[in-house]
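# Sequence plus predicted model, see below.
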Amino acid sequence: MSMMYKEQDADLTALEGRVIGVVGYAPIGRAIAQNLRDSGVEVIVSGGTDDQSAAHQDGFAVGGADHITRQADILILTLPDETLTTIYMNEISPHIRKGQTLILTSAYSVAFGFIEPPPFVDVGLIAPRTIGDTLRAKYQQDQGAPAFVAVWQDASREMWRTLLAVAGAMGALRAGAVETTMEQEAELSLFVQQAILPAFHHIMTKAARVLMDAGYSFDAVFIDLYLSGKFNDYMYQVSRHGLLNALALTNLTGQYGTYSRLERFDDLKLERLLEVTLNDIRGGQFAREWAQEHDDGQPRLNKLLRQHQALDLWDLEQQTIDLLHEPDDDNV
């Protein structure tokens, strides 16, 4: 079992007199910056043109990534994986100095060797397992979401103290942070993206097609499959109580229907697909493939997007969404 850190493990005095620079002000960076500031930490921000404007409006001192690197004692890098390497090499790396701390919110770039921090700085990971808006909302409600934490490089021999202090200040320890490795965080994230989400997307779209072909109205199909939020409610119970206990909260008809049909989906081919996906991730094949795809201008991604966007399924889905959220005639 991995080590679990909670708020009592954080000593925020480790941040006294230290400036934290948040590089990237998209939702996760914005949430982290605001949470840190509300915890009494001095924060400066860097981002793109629109992000810089938003950060300035939110009351932060802003500047380019090079300026933030020169000014900050602790750098939190929240940039997307596909842009982090270039910005790190061109704007951050030339200005890194001994004694600084680099903290990433995604281990991808370090784990797969796209950036290599110098040996004289501390390097770690704080990876909330939620989106930025939720991280911020939970902080404001004195709640939290689970996170992963890891130390990649401990040049100062004080990295864990610093890392946990930052995690505590951003609210990432309230629900508990699990100690992991950079490699495992990156691989787990990719596995969910490449195995779980494709399977979910595929089964939902196939289920919609099967039901509509069988004569069910499209609006009833989309509402019952996912637009009603019923599936979200079930997954919320899963997040609170686990898969087994969440299913026990359903009625007996549902429990019998689920358990008696589980074997239909116990397919060796599916297990093999999951194994192949994981092996591609762990061996670095996907990272190399995506790096080349991005460098080439994302032709395959753009083609796949066009193919999926062309499905008539989405027009029917949108009609159902519009039906659910149309204005109340009495309030017009």
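Thanks, I have the structure now.

# So, low pLDDT: which residues of this structure?
49, 327-332 (pLDDT under 70).

# Show me it divided up by domain.
Segmentation of the chain into domains, based on automatic domain parsing, reads 4-180, 185-331.

# Tyr88 falls within a helix, correct?
Yes: membership of Tyr88 in a helix is supported by DSSP: H, G, I helix; E, B strand; the rest coil.

# that older thread, deepest in the core, which of the domains of the chain is it.
domain 4-180 (a mean of 19; mean count of other CB atoms under 10 Å). Bear in mind the C-beta positions are built from the backbone N, C-alpha and C, glycine included.

# Quick check: end-to-end length of it?
One end of domain 4-180 sits 10 Å from the other (CA to CA, to the nearest Å).

# OK, contacts around Leu173?
By CB atoms under 8 Å, 6 or more residues apart in numbering, Leu173 lies in contact with 5-7, 9-10, 144, 147, 164, 167.

# Which one of these is nearest to Glu271?
Ala147 (29.5 Å; CB to CB).

# Report the contact partners of the closest one.
Per CB under 8 Å, 6+ apart, neighbours of Ala147: 126-129, 167, 172-173, 175-178.

# Would you list the phi and psi of it?
Main-chain dihedrals, Ala147, degrees, to the nearest 10: phi -140, psi 160.

# Same check on Thr105?
phi -100, psi -10.

# Just confirm it contacts Leu75, I think it does.
No: at 11.5 Å, Thr105 does not count as touching Leu75 under the criterion of CB atoms under 8 Å.

# Which stretches in the stretch 201-332 of the chain count as helices?
218-222, 230-241, 243-248, 252-261, 268-282, 285-295, 299-309, 313-324 (DSSP state H, counting those that start in this stretch).

# of all those, which lies closest to Asn35?
Evaluated with CB to CB, the helices of the stretch 201-332 of the chain place helix 230-241 nearest to Asn35, the distance being 20.9 Å.

# Tell me what angle that closest one forms with helix 252-261.
Relative orientation of helix 230-241 versus helix 252-261 (axes from the mean of the first three to the mean of the last three CA atoms, to 10 degrees): 80 degrees.

# I figured Leu313 hits Thr205, correct?
Yes: between Leu313 and Thr205 there is a contact at 6.1 Å, judged by CB under 8 Å.

# follow-up on the earlier one: specify which member of the contacts of Ala147 is nearest to Asn279.
Distance to Asn279, by CB to CB, is smallest for Ala127 among the contacts of Ala147, at 22.6 Å.

# Could you pull up phi and psi at that closest one?
The phi/psi pair for Ala127 (degrees, to the nearest 10) reads phi -120, psi 90.

# Number the residues from 342 up from this point.
Okay, using 342 as the starting number, the last item reads as Ala468.

# who does the spatially closest residue to it that is not a sequence neighbour bridge with?
In space, and not counting its chain neighbours, Ala468 is closest to Phe489: 4.4 Å by CB to CB, 6 or more residues apart in numbering. The partner list for Phe489 in beta bridges (DSSP bridges) reads Ala468, Val519.

# unless I'm mixing things up, Phe489 is touching Thr521, no?
Yes: with contacts counted by CB under 8 Å, Phe489 reaches Thr521, the gap being 4.8 Å.

# Mutual contacts of the two, please.
Leu466.

# From Leu418, how far off is the nearest residue to Gln484 once chain neighbours are set aside?
Excluding its sequence neighbours, the residue lying closest to Gln484 (CB to CB, 6+ apart) is Arg515, at 6.2 Å. Using CB to CB, to the nearest Å, we find Arg515 at a distance of 22 Å from Leu418.
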